[in-house]
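K.L.:
sequence first, then the predicted structure, then my questions.
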Amino acid sequence: MESLDEIKARIEDAVPGAKIDIVPNPGPANQPSLLIDNEHAPAIAQFLRDDPALRFDFCSNVTGVDWLDRTVKKTVKVKKLIDGEEKEVTETTEEHFPGYLEAVYHLYSMTHKQGPVIIRMRTADRVAGARLPSLTSIWRSAELQEREIFDLYGIRFEGHPDLRRILMWDEFVDHPMRKDYREPDDYEYEPTPHDDVLEKAKQHYAPRPQLDGAEQITAKL
């Protein structure tokens, strides 16, 4: 199989204007991936599938990833005038990175018996901009998996033929795989808290006043 750098170069030649970055993987798997821009994603996907030398005709897996807002602190050395003398001092700076969501596709070639090549797309943000183009028209196997990502992460796949919840019920609110998701104390089909649900709900109840012996007897009556 061609290297990821070679595949990246061939995509850029075949799809004018495409923006592609190689994302390293520091983990044990050491599987770098291609971050592709959303505007050219369908054309890039079609090239990967149809190019005779590549023929990535099978999408085995699609998954979502949630990246929260984060602040990165950096220590830098700068020169400043101190008491009329230029000195090198250490300063700490902070850089804020807004959160986003990702869809990650694992591609194989059944024709050439090679793979995987991993491509990923990123949303503009985690709220209104949580939209990505659907690649179901390129790989039909992505249809149900994109629905699952929509259901659990909230990414809206534009152009998907049947984008609706697949695991959670229609009335369910929020997306339970997001890192900032908070499970409710109870659900609409369990109106009375009980067992572990009751213990969790107690954290949000106002403490009940302590009753003396006579009041306890009266309360029971």
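P.N.:
Okay, I see it.
K.L.:
can you list contacts of whatever helix or strand Ala103 lives in?
P.N.:
Using DSSP states H and E, Ala103 falls within strand 100-109. For strand 100-109, contacts defined as CB atoms under 8 Å, 6 or more residues apart in numbering pick out 33, 48, 54-67, 114-126, 130, 132, 135, 139, 142, 146, 149, 153-155, 157. C-beta coordinates here come from the backbone N, C-alpha and C atoms, glycine included.
K.L.:
return the members of those residues classed as buried.
P.N.:
Among those, those that count as buried by neighbour count (16 or more other CB atoms under 10 Å) are 33, 48, 54-59, 62-64, 66, 115-123, 126, 130, 132, 135, 139, 142, 146, 149, 153-155, 157.
K.L.:
give the contact list for Ser141.
P.N.:
Taking CB under 8 Å, 6+ apart, we find Ser141 in contact with 58-60.
K.L.:
ok, 6 Å please
P.N.:
For Ser141, the contacting residues are Cys59, by CB atoms under 6 Å, 6 or more residues apart in numbering.
K.L.:
just for this protein, where's the confidence low?
P.N.:
185-194, 197, 200-201, 203-221 (pLDDT under 70).
K.L.:
kindly recompute the last result at 80.
P.N.:
Scanning the chain for pLDDT under 80 picks out 29, 81-84, 183-221.
K.L.:
and the helix or strand that comes right after the strand holding Ala103, what does it pack against?
P.N.:
Counting by DSSP H and E, the next helix or strand C-terminal to strand 100-109 is strand 114-122. On a contact count with 3 or more CB pairs under 6 Å, 6 or more residues apart in numbering; DSSP states H and E, strand 114-122 meets strand 33-36, strand 100-109.
K.L.:
now do the helices in the chain.
P.N.:
Assigned by DSSP state H, the helices in the chain fall at 4-14, 41-50, 142-153, 195-202, 213-220.
K.L.:
isn't Asp66 up against Pro176?
P.N.:
No. Using CB atoms under 6 Å, Asp66 is not in contact with Pro176; the gap is 11.0 Å.
K.L.:
can you tell me the closest non-neighbouring residue to Glu146?
P.N.:
Closest residue to Glu146 apart from its sequence neighbours, by CB to CB, 6 or more residues apart in numbering: Phe157 at 4.7 Å.
K.L.:
check contacts around that neighbour.
P.N.:
Residues counted as contacts of Phe157 (CB under 6 Å, 6+ apart) are 132, 134, 146, 163.
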